[in-house]
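Enquirer: Return atomic coordinates for the entry below.
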Amino acid sequence: MAIGSDADLRLDKGSTLKKDLQFAFTGQPAALGFSFGVDAISLTLEFPTDLWSDFDDTNALRYRAIRTARYHDQIINGPRLKPLVDNRFAREWLGHLMLAAISNEAIARSISLAEAGANLASDTAELGLAGTLEVLFQSPVVDDPTGQGNAQEKLRQDLASLIALPEVRETLFVLVEILWQPIDASWEPWLRERFAATTAAAALHAIASSCPEIDADSLLVDLDPGPRDPTDIRNDEPGIEIWISEASPGGNGQIEQVLRHYAEDPRRFFNLMTAALRDNDFALSDQQLERFVTRTVMDDPSGDLALAVDDFRVAHGATETQEAFTHLRECLAKEGFVTFHAFVVALTNRVLRPGSSPESDAFFLDAIRRWTAEEERLGIELDARVIAYQLSRRDDIDSALSFAGIDAPSLNPGQWRFGVIYGLLWPRGAQIRQAGLALSSPFGEVPPVEPLLPMHYLGGAAVLVDIRDQQWQEICLESLATKGAVSLSCPVDQGELMAQALGFLATNPVHTDYLSVFARVQSIRRSVECYYLDLDIAEAVQ
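Expert: Predicted structure coming up:
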């Protein structure tokens with residue numbers, strides 16, 4: 001049921017009008033809506049004890065991701081800034097602006113975030129909020145006082161007006177302290193919401209994978225079961241309920257089909273949920289791009305891969321380029337790279353773009369390593385704009401870009417350098433982790449997902465065996481017989497060991513108390529440096 005409505009109206013002259021409507025009937029608050037019966041599936045989620053207390057490792061990626069996400073959530077949805085800035089998108093931009101300003105100051109002077117915040121508050125920072133707005137967000141002042149026909153300039157004017165308000169600035173400086181203040185019990189409800197939203201997204205992904213004929217977009221996800229009847233037997237159950245329901249009155253058989261697939265093999269359904277939380281194609285592309293430049297610049301600059309890259313760069317004509325690229329892909333495969341479409345496109349358009357060279361590869365490697373090092377030092381996830389701005393100020397940047405076939409113009413070269421570097425850097429962080437998992441609901445706002453949050457608690461589900469261990473065969477068969485599942489691993493540059501393991505398992509059954517059965521492959525996956533083979537016994541108790 002809806003108890004009200006709000007809208008942001010943009011008028012012809014560039015001004016905006018905020019409307020907030022509340023529904024009433026005979027002078028009393030009322031709700032509008034309708035109800036009908038649908039088929040649905042409910043998952044009850046019980047949380048680990050005190051999620052907030054499990055963030056001791058300040059260098060962990062999970063710590064940086066959660067702290068940054070908490071900051072953005074309080075900026076957008078928190079009670080402090082919302083009364084001052086009623087436009088949600090303006091609050092979101094203010095959050096990005098403040099984060100960019102404080103992290104830029106911390107990096108520029110090699111100081112902590114708290115010290116950088118103090119410099120910003122006292123107007124002694126190298127680049128204040130207004131300067132950050134103009135430089136890092138590429139919003140030059142133009143002669144257009146009404147902002148008509150120039151949406152970017154209108155946004156700049158709105159943000160500039162907001163950061164000039166003392167109460168808005170004061171609130172931003174209070175909220176930015178989230179980035180370094182200790183995580184305490186007040187974070188627990190928010191962490192549970194994120195945990196539940198991520199689990200719901202994983203469940204929806206598992207439904208789409210196990211039942212490909214079902215359109216997952218036609219299913220609705222709710223994290224709040226709503227008011228219950230006093231006699232409902234679920235009233236006293238702990239945890240949060242996740243409801244996935246059909247949208248058609250009476251149901252159309254989709255949920256029934258999901259339940260049939262789940263009943264046939266519950267373990268497979270939960271394995272699909274876990275797979276949805278692991279690294280996606282974008283994350284794997286990020287990892288492989290960094291590994292590629294590390295390999296060609298530092299680890300083996302004269303190896304087969306580096307030579308194949310040189311041949312590709314000097315190739316002329318379509319035929320020669322195609323032959324060189326085919327040879328490059330073969331070398332990538334031998335080195336353990338997965339040459340899927342997203343990685344190949346990113347590699348050719350960013351690292352191996354026309355005019356690139358070993359010097360530009362070294363520039364990429366330095367940029368990515370500096371990005372990672374500053375994130376670890378500051379304990380947050382950094383915006384690519386900040387890294388691009390810092391790199392654009394280096395003395396050797398023009399020569400580095402010229403090696404990549406990019407010559408600096410004589411007009412406004414500073415902003416040009418920043419824009420070029422920002423365009424060359426590839427997405428990282430939450431932006432790629434959330435790809436393919438975002439949830440939406442027509443009945444309310446669903447929190448953004450964070451795969452790192454539940455994945456922290458899913459590491460010990462099966463025994464992990466290194467295939468290089470001389471006793472791996474005995475350990476593998478014993479684990480399958482006693483636990484019903486096992487995971488095998490090997491380095492990516494020794495993938496032939498995985499092929500040998502599959503051959504062994506195809507000819508050697510697993511002996512349990514009264515069965516002699518063969519293992520079943522659940523998935524073959526990889527991380528940065530390893531392949532993983534997940535196996536189970538279909539006949540094992542689930």
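Enquirer: Check which residues of stretch 486-500 are buried.
Expert: Neighbour counts over stretch 486-500 (16 or more other Cβ atoms under 10 Å) mark V486, S487, L488, S489, C490, V492, L497, M498 as buried. All C-beta spots, glycine's among them, are computed from the backbone N, C-alpha and C.
Enquirer: how about low-confidence regions in the stretch 351-500 of the chain?
Expert: Residues of the stretch 351-500 of the chain meeting the criterion pLDDT under 70: 395-396, 398, 400-408, 410-412, 459-461.
Enquirer: again, but for the chain
Expert: By pLDDT under 70, the low-scoring segments of the chain are 12-15, 138-152, 238-239, 395-396, 398, 400-408, 410-412, 459-461, 540-542.
Enquirer: So which of the buried residues of stretch 486-500 are in strands?
Expert: The strands, defined by DSSP state E, take in V486, S487, L488, S489, C490 from these.
Enquirer: can you list these in a markdown table and add distance to T274?
Expert: Shown next, in a markdown table, are these (distance: Cβ to Cβ, whole Å):
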| residue | distance to T274 |
| --- | --- |
| V486 | 15 |
| S487 | 11 |
| L488 | 16 |
| S489 | 16 |
| C490 | 20 |
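Enquirer: and which of the residues you listed is nearest D513?
Expert: V486 (17.8 Å; Cβ to Cβ).
Enquirer: Where do the strands of the protein begin and end?
Expert: Going by DSSP E, the chain shows strands at 4-10, 16-22, 24-25, 28-29, 40-45, 219-222, 240-246, 463-466, 485-491, 510-511, 516-517, 520-526, 530-536.
Enquirer: Domain-wise, how is this protein divided?
Expert: Using automatic domain parsing, the domain ranges for the chain come out as 4-34, 56-182, 281-432, 460-536.
Enquirer: circling back to that earlier point, what's the closest of the strands of the chain to S112?
Expert: With respect to S112, and counting by Cβ to Cβ, the nearest of these is strand 530-536 at 35.0 Å.
Enquirer: Give me the helices and strands touching that closest one, please.
Expert: Contact partners of strand 530-536 among helices and strands, from 3 or more Cβ pairs under 8 Å, 6 or more residues apart in numbering; DSSP states H and E: helix 472-483, strand 485-491, helix 495-507, strand 520-526.
Enquirer: Looking at those, which is nearest to F443?
Expert: In terms of Cβ to Cβ, the element of those nearest to F443 is strand 520-526, at 34.1 Å.
Enquirer: can you state the direction angle for that closest one and helix 472-483?
Expert: 120 degrees (axes from the mean of the first three to the mean of the last three Cα atoms, to 10 degrees).
Enquirer: Distance to E450 for the domains of the chain - can I get that in JSON lines?
Expert: Shown next, in JSON lines, are the domains of the chain (distance: least, Cβ to Cβ, whole Å):
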{"stretch": "domain 4-34", "distance to E450": "27"}
{"stretch": "domain 56-182", "distance to E450": "6"}
{"stretch": "domain 281-432", "distance to E450": "7"}
{"stretch": "domain 460-536", "distance to E450": "19"}
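Enquirer: To N252, which of these lies closest?
Expert: When those are compared (using Cβ to Cβ), the closest one is domain 4-34, at 18.3 Å.
Enquirer: End to end on that closest one, go ahead and measure it.
Expert: One end of domain 4-34 to the other measures 15 Å (Cα to Cα, to the nearest Å).
Enquirer: That domain: how far from the chain's middle?
Expert: Relative to its chain's centre, domain 4-34 lies at 34 Å (Cα atoms, centre = their mean, to the nearest Å).
Enquirer: can the strands of the chain go into CSV with extra columns for distance to H261?
Expert: Below are the strands of the chain laid out as CSV (distance: least, Cβ to Cβ, whole Å):
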stretch, distance to H261
strand 4-10, 39
strand 16-22, 43
strand 24-25, 45
strand 28-29, 44
strand 40-45, 11
strand 219-222, 14
strand 240-246, 13
strand 463-466, 27
strand 485-491, 19
strand 510-511, 25
strand 516-517, 22
strand 520-526, 15
strand 530-536, 16
